Every structure is written in structure tokens, then in C-alpha cells.
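S.K.: sharing a model that was predicted from the sequence below.
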Amino acid sequence: MSFSWARPYEPKHPLARWIDERLPLPRLVYGAVGGGYPVPRNLNYWWNFGVLAGVFLTIQIITGIVLAMHYYASADGAFNSVEHIMRNVNAGWFLRYAHANGASFFFIATYIHIFRGIYYGSYKAPRELVWMLGLVIYLLMMATAFMGYVLPWGQMSYWGAQVITGFFSAFPLVGEPVRVWLLGGFAPDQATLTRFFSLHYLLPFVIAAVVVLHIWALHIPGSNNPTGVDVKEERDTLPFHPFYTAKDGWFAGLMLLLFALVLYYAPNALGHADNYIPANPLATPAHIVPEWYFWPFYAILRAFTVDFIIPAKLWGVLAMFASILLLFFLPWLDKSPVRSGSYRPVFRTFFWILVFDIVLLGWAGGRAATPTVVAVSQIASAYYFVHFLIILPLISKYERPLPLPNSISDSVLHGEEREAAPAGIPPRTTTVAE
Amino acid sequence: MATLEQSTTGSSTASSQEADGVRRRDFLNIAAVSFAGVGGVAVLVPLVTQMSPSADVLAMASVEVDISAVQPGQAIKAMWRKQPVFIRNLTPQEIQAANSVPVSQLRDPETLADRTKPGHLNWLINIGVCTHLGCVPLGVGEGENRGEYGGYFCPCHGSHYDTAARIRKGPAPTNLVVPDYEFLSDTSIRIG
């Protein structure tokens, strides 16, 4: 684990030594996120979103535990208990808005983190398991977010639960029994709400555990970097602490400011007004939409309108699951030995087309299914699969990448005198530092 | 342990055990692990079945509805298993419209007679849950959109059902489901 020049943990205080000999937890922390973990020195701001996602996971767990002290998972009382939190509980409005918007920010950070991984080829050897564990985290996040959205037991909660569990009924024979088993009834009801609450409380801790595995797997080869070139020597790296703790800390502060802006000035901007209507099993809202972070997948689900061998509904469900499962094979679909998109002109072009395509899917997924919207979903869904299954393998076969730098330090240090010391501090000597 | 094993394998009884292919220690190993394995799987059964509908949910599985007040052309919603049930008294025109469609043209071929009880052709009873993704279609209430085929219309993804509640247009794969029900008298039914 880590590079040969990683600084070993050397406790100075006798008490620290005493602890280290018995429970080397400080040693573990020092080697994982302290001065003992060397990180490529050229990471740009896109590398801040992993830690940021961790910050939002922490916010979600803390606010969630506190909200659970006031929430009441009952089909009759859940909606009122949420209103009770909003109106009566001290600072309840703050905690609930932080939790609801925290989920959105958690997804924003995660999506940028995933796109960064795609652009810079962070899924490639030797980081395939880092990538796949990340996808597992993402799937767990989706399950957790879905079940959390059901808990307020408003109209969108109820009908979201109805539609999402309805996916399973698309599968022949086993589908309907599985759906009834998941719901604990024939439609969402008390049994559904209680089990979703139980799992919504459990899954974040499972996520935290998989995050530990994700980081563990990452720390074997160490972080990728914007050049995609492997770390070769000590001057390619900086210790995580204080360099990246400082950068991550400052960036997290900046993003928390943005979070606070949304929380205080537009706390419902990312939600849906219909969820302030109590659940009614006899009336469907005119326009059921999931939360924004599911829109691209909802668009893929709705893109299938014609039966072809199997019913259109089953195609939609299969395509939606396939769109995520496909990403598990990404390390083997893109065989190019060059990691970073910065040195892959053709890949880079198609990367941005893919981003646009997914944004387009998101737009289509959030709208009512008019013929135009359905047509856009169909073209964009088809392109999504074409990108990963056809374009990407072809690019990695025929593309001619740009020349790579010899090393990370070569790419950032050019021998100028001002590079010999941190910005704002004059170099100690006139000789150029190594 | 290790020395004990070595000493027994060295003895004459051990070699006679090996002659029929099974060592006592292997047998004990397999038996112990299998026992724990079967026990572990058995414990999974209650953990899995606890999620299925409980007895009180299943006990709600039948309801009686008085339909004497439903005039031709009207429909009502009843609740069965926490799901809406549409009970419609079809007009002669609606019956004729349903019967005039060639069954072979339907996505889910069924005649109106298949979907009603003998002698009660005008009583169309369906679970009011769209077979696409489970929304409640419109068309029961006075003045609601009944779709292009005059039956029910699901607003979520635009499925149109005809006067026999058969899927005619849109993403739903099958007709609205006809639940199990029986006529207790001409004016009363039991669903479930």
C-alpha cells in the first residue's frame, strides 16, 4: 500500500506511542488521509468531488438520525409528523430542508465525481474495482434516495412507490409476486412504509462501509491524475495532509456556502409541490415525476412504446437497469491504454456529446410524455447505448492519442524559478529547486 | 489436534477407513458444515416470508359493494385490497361499441363477454390500476377525460382504454384487470 517514500507514522508523545503499540488507529488514519499518504501533485478541482460526496453522506447520516427522532413511520401519521417537524420541532425546518436538499447535493457531487472518472479514465487498470465499488455505492444511493422520498407519504411519495415497485411487475411470472412481496400488500401501505423506513435507516451505513472499501481499493494504486500518467517518483506527489486536506477543506466550505444558499433561499426548488398533498391511493397526480437525479433513467424507461417480441414495458425496465449495469463493463469496453481524455482528442469530443446526451435524457425524463419528449427520449436513449457499446470500443481501437508527458512533474514543472516555492513565497535560493 | 490426526492416520484402523474412500474427519466436516448450512437456509425462511402480505392485509381480501344506485353510463370507485376498483354500468351504445371491434385487432384480445359475467354484460368491473406502471386511470368521475376510445385514460403515460377497459393505445401491455367477483344479487357484488 502506497509508495516507498510515504512518510511512516512516528508518534512523538509517549501516550501516542503507547496507543500505537496497542491499537494503531492513529497510524491507520495517518497513512490513509494524513501526511503518510502521497497523492499526485497535479490534481485539479474535479478531484475534490469525492471528498465532497463524503461530506454530504455525513450530513445525510447526521440529519437523518436526528429527523428519525421526530418522524413517525405510519400511513396515518407520517405526513403529519413531517409537518410537525416543519412547524413545531425546534430547528426542524432546518434539519428537514438540509436532509432533502442534502440528498440533491450528494447526487450532484456524485455525478460530477462519476463524470470526472469517465473523462480521466479513472476506471482503467489498476482501478477497475475502485470504479465498480463506486457504482455499487451509486446503486445503494439510488435505493436509499427512493425509499427516503417515500417516507413523507405525500402524493409523489405514494405514487413514486407505486410506479417504481411496478417495474418489477414487468417481469413475466415472478414479477407480480415479487412486487407484492416487496410492498407487503397489493398496493403501498403501512407495511411498505415501515420497511422502507427501516431500510432507509440501514442503507446509509452500508454505503459508508462500501465507501471504506472504495477508498481502500483506491489507496492501493493511489489516485489517478489529470495526465493519467502513473506516479514515478517522490516529486510527482504531495502528502495528503496538509496539502489536500487544505484544498478539500476550502472547497467543501465553498460548496457548503452554495448548499446554504439553496437551503435558505430556495429549499423547495428541487422538490415537487405535489408531495405537500397527503398520499391518496384513489387519485393519481396528473404528472408523476421522480426526483431530478432519476430523470435520465426515467426517460430511458419511457422511451419504449412498441412491443417487440417482449412487451414495451419490459423493454423499458430492462433498458433502464442495463444503462447502469453497462457501466460495470466500462473498464473492458474502453481498451485504450491512455487514461486521460486530455490526450485523447476523439474520445474527448464524444465524452462531451455523451454529457449532452445524458443532460438531454434528464430534460426528457422530467417532462410529461408528449410525442416530442418521447421522440427525444428514444433518440437520446439509443445514443447512450451506442456510445458505450459501439463508439467507445471503436475509438479505443482507432484513435491516435496525443503524446503523453514523461511524468506528472514534467507536465506541471517547467524549471521556472517561480515554481521552486509555493505561490506568494519567494524561492529561498536562486538555484532552481529539484 | 494435528498430532492426533497424524497418529490415527498411521494406525491400521485409519488405513481401513481410507480403503472405502471416506475418512472419518472428512465425514464429520461435511456433516457439520451441511447441518449448519441447512439450518442457515431454514432461518432465511421467516426472514423472507415476513415481508409478504400479513394476515390482516389478506383478511381485507374481499369486499361487498351495493351497485343498485349506479345508473347506466355511470361508474363508481370501490376499495379492494387498498386498490381502487372501477364499477361501471355500461350503456347499450358502449356495449355495442365494445362488441363492434374485431378481437384480432386488439393488443390483448378479449371480448366484452369474456370480461363480464353471463347475464350481466352491462356491468364492467376492473381494478382501477393502469397495467403500465400502476397509476389510477381517469374516466370514473363525471366529466373526466375518458380517452380516445371512450373508456378510461391514464394521464401518467397516456394509455387509452376502450368501453370494455381494453388497452387500445399507449404503453400499457394488457387490459385493465378484471378481479375475481360474483353477483350476490342483481344489485350487490362481492369482490375477491
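M.R.: Happy to help now that I have it.
S.K.: how about the residue of the stretch 301-434 of chain A found nearest chain B: what's its closest non-neighbour residue?
M.R.: Ranked by CB to the nearest CB, the top residue of the stretch 301-434 of chain A for proximity to chain B is residue A:311, at 3.9 Å. All C-beta atoms are positioned from the backbone trio N, CA, C, and that covers glycine. The shortest distance from residue A:311 to any non-neighbouring residue, by CB to CB, 6 or more residues apart in numbering or on different chains, is to residue B:173 (3.9 Å).
S.K.: that neighbour - that's part of a strand, no?
M.R.: No. Assigned with DSSP: H, G, I helix; E, B strand; the rest coil, residue B:173 falls outside any strand and is coil.
S.K.: who touches it in this structure?
M.R.: A:307, A:311, A:312, A:313, A:314, B:107, B:108, B:131, B:132, B:167 (CB atoms under 8 Å, 6 or more residues apart in numbering or on different chains).
S.K.: please name the nearest non-neighbouring residue to the fifth one.
M.R.: What it means is residue A:314. In space, residue A:314 is closest to residue A:170, 4.4 Å off (CB to CB, 6+ apart).
S.K.: wait, the one you found sits on residue A:312?
M.R.: No. Counting by CB atoms under 8 Å, residue A:170 does not reach residue A:312; the two are 9.4 Å apart.
S.K.: what average pLDDT does stretch A:114-121 get?
M.R.: Stretch A:114-121 carries an average pLDDT of 97.
S.K.: ok, now stretch A:270-285?
M.R.: Stretch A:270-285 comes out at a mean pLDDT of 89.
S.K.: domain map for chain B?
M.R.: Here the domain parsing of chain B from automatic domain parsing is B:2-49, B:56-191.
S.K.: how far does the longest one sit from its chain's centre?
M.R.: Here domain B:56-191 is found 17 Å from its chain centre; the criterion is CA atoms, centre = their mean, to the nearest Å.
S.K.: what does chain A put close to chain B?
M.R.: For chain A, the residues in contact with chain B (CB under 8 Å from any CB of the partner chain) are A:159, A:162-163, A:165-167, A:169, A:180-182, A:184-187, A:189, A:191, A:195, A:281-284, A:286-288, A:302, A:304-305, A:307, A:311-314, A:316, A:369.
S.K.: can you rerun that using 7 Å?
M.R.: Contact residues (CB under 7 Å from any CB of the partner chain) of chain A with chain B: A:159, A:162-163, A:166, A:180-181, A:184-187, A:189, A:191, A:195, A:281-284, A:286, A:288, A:302, A:305, A:311-313, A:369.
S.K.: now, of those, which are buried?
M.R.: A:159, A:162-163, A:166, A:180-181, A:184-187, A:189, A:191, A:195, A:281, A:283-284, A:288, A:302, A:305, A:311-313, A:369 (16 or more other CB atoms under 10 Å in any protein chain shown).
S.K.: just the contacts of residue B:173 now: which is nearest residue A:78?
M.R.: residue B:132 (26.8 Å; CB to CB).
S.K.: after the longest helix that chain B contains comes which helix or strand?
M.R.: Looking across chain B with DSSP state H, the single longest helix is helix B:24-49. As assigned by DSSP states H and E, the chain's next helix or strand after helix B:24-49 is helix B:55-59.
S.K.: what sits up against that following helix?
M.R.: Helix B:55-59 is contacted by residues A:185, A:191 when judged by CB atoms under 7 Å, 6 or more residues apart in numbering or on different chains.
S.K.: what's the helix or strand immediately after that helix in the chain in contact with?
M.R.: For helix B:55-59, the succeeding helix or strand toward the C-terminus, using DSSP H and E, is strand B:63-66. With contact meaning CB under 7 Å, 6+ apart, strand B:63-66 is reached by B:78, B:80, B:87, B:184, B:187, B:188, B:189, B:190, B:191, B:192.
S.K.: can you check stretch B:137-156 too?
M.R.: Contacts of stretch B:137-156 (CB under 7 Å, 6+ apart): A:284, A:286, A:288, B:75-77, B:86, B:94, B:97, B:128, B:130, B:132-133, B:135, B:160-163, B:165, B:168-170, B:172, B:176.
S.K.: just the helices from chain B, written as ranges.
M.R.: B:2-10, B:12-19, B:24-49, B:55-59, B:92-99.
S.K.: which residues touch residue 103?
M.R.: Because you didn't say which chain, this covers chain A. Taking CB under 7 Å, 6+ apart as the test, what residue A:103 contacts is A:60, A:145, A:148.
S.K.: I was after chain B.
M.R.: Residue B:103 sits next to B:109, B:111 when contact means CB under 7 Å, 6+ apart.
S.K.: before we move on, back to that, just the pLDDT for the residue nearest to residue A:311.
M.R.: 83.
S.K.: same check, this time on residue A:420
M.R.: Residue A:420 carries a pLDDT value of 62.
S.K.: and residue A:26, by the same measure?
M.R.: Residue A:26 is assigned 94 on the pLDDT scale.
S.K.: what's the local residue count around residue 74?
M.R.: If you meant another chain, say so; for now it's chain A. 15 (other CB atoms under 10 Å in any protein chain shown).
S.K.: wrong one, I was asking about chain B
M.R.: Residue B:74 - counted by other CB under 10 Å - has 15 other residues nearby.
S.K.: same deal with residue A:357?
M.R.: 20.
S.K.: that one sits in which helix or strand?
M.R.: Going by DSSP H and E, residue A:357 is part of helix A:345-365.
S.K.: give the next helix or strand downstream of that helix.
M.R.: Next along the chain after helix A:345-365, taking DSSP H and E as the criterion, comes helix A:371-386.
S.K.: show me which residues of that next one are buried.
M.R.: If you call a residue buried by 16+ other CB under 10 Å, then helix A:371-386 has these buried ones: A:373, A:374, A:376, A:377, A:378, A:380, A:381, A:383, A:384.
S.K.: go through the domains of chain B and pick out the most buried.
M.R.: domain B:56-191 (a mean of 18; mean count of other CB atoms under 10 Å in any protein chain shown).
S.K.: which residues touch the nearest residue to residue B:181 once chain neighbours are set aside?
M.R.: The shortest distance from residue B:181 to any residue other than its chain neighbours is 4.4 Å, reached at residue B:191 (CB to CB, 6+ apart). By CB under 7 Å, 6+ apart, the residues touching residue B:191 are B:62, B:63, B:65, B:78, B:80, B:85, B:179, B:181.
S.K.: specify the beta-bridge partners of residue B:191.
M.R.: residue B:63, residue B:181 (DSSP bridges).
S.K.: mind checking how far it is from residue A:30?
M.R.: 67 Å (CB to CB, to the nearest Å).
S.K.: since that was my last question, I'll sign off now.
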